[in-house]
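Colleague: give me coordinates for this.
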Amino acid sequence: QVKLVESGGGLVQAGASLRLSCTDSMASFSDYTMGWFRQRPGQEREFVANIRWSSDWKQYGSSVKGRFTISRDAAKNTVYLQMNALTPDDTAVYYCVHDRTYVGRIADQYIYWGQGTQVTVSS
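Modeller: Numbers count the residues shown, from 1 in each chain. As a prediction, this is how the structure comes out:
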């Protein structure tokens with residue numbers, strides 16, 4: 001079983017940074033993918049980034065590459081999303097995801113989702 005607990009969202013001004021955290025509180029598996037999607041109001045869920053736990057392999061969505069960094073702390077079963085140079089276009093609900101085998105960018109392929117955390121960037 002997987003239970004994802006997210007934290008770190010908030011309201012910031014453009015240009016600021018935020019770090020999101022997501023902890024797998026059950027940590028039932030030895031290898032898996034964790035990552036982040038976001039959803040703006042009225043829009044589809046958008047792939048942000050993901051990481052493969054055992055290899056530390058990562059990939060990013062084109063709109064965040066170079067500004068966002070995904071990382072993990074294996075001892076804490078936690079994945080982080082460091083977000084720099086935020087713009088109002090980054091305003092969205094950010095969701096943590098988890099899957100034992102899938103490593104791609106399609107939201108529907110991820111079985112486990114966190115509750116979401118709101119990130120709001122003012123201009």
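Colleague: quick check: bridge partners of the residue nearest to the spatial centre of the chain?
Modeller: In the chain, the centroid-proximal residue (CA atoms, centre = their mean) is residue 36; its distance is 2.4 Å. Per DSSP bridges, the residues bridged to residue 36 are residue 49, residue 96.
Colleague: how about residue 73?
Modeller: Applying DSSP bridges, one finds that residue 73 bridges with residue 78.
Colleague: these two touch, right, it and residue 80?
Modeller: Yes. At 7.3 Å, residue 73 counts as touching residue 80 under the criterion of CB atoms under 8 Å. For every residue, glycine as well, the C-beta is placed using N, CA and C.
Colleague: more crowded one of those two?
Modeller: With neighbours defined as other CB atoms under 10 Å, residue 73 and residue 80 compare such that residue 80 has more, 18 against 11.
Colleague: the more buried one sits in which helix or strand?
Modeller: strand 78-83 (DSSP states H and E).
Colleague: in that strand, what counts as buried?
Modeller: For strand 78-83, burial by neighbour count (16 or more other CB atoms under 10 Å) applies to 78-81, 83.
Colleague: for it, packing partners?
Modeller: strand 18-24, strand 33-39, strand 45-52, strand 68-73 (3 or more CB pairs under 8 Å, 6 or more residues apart in numbering; DSSP states H and E).
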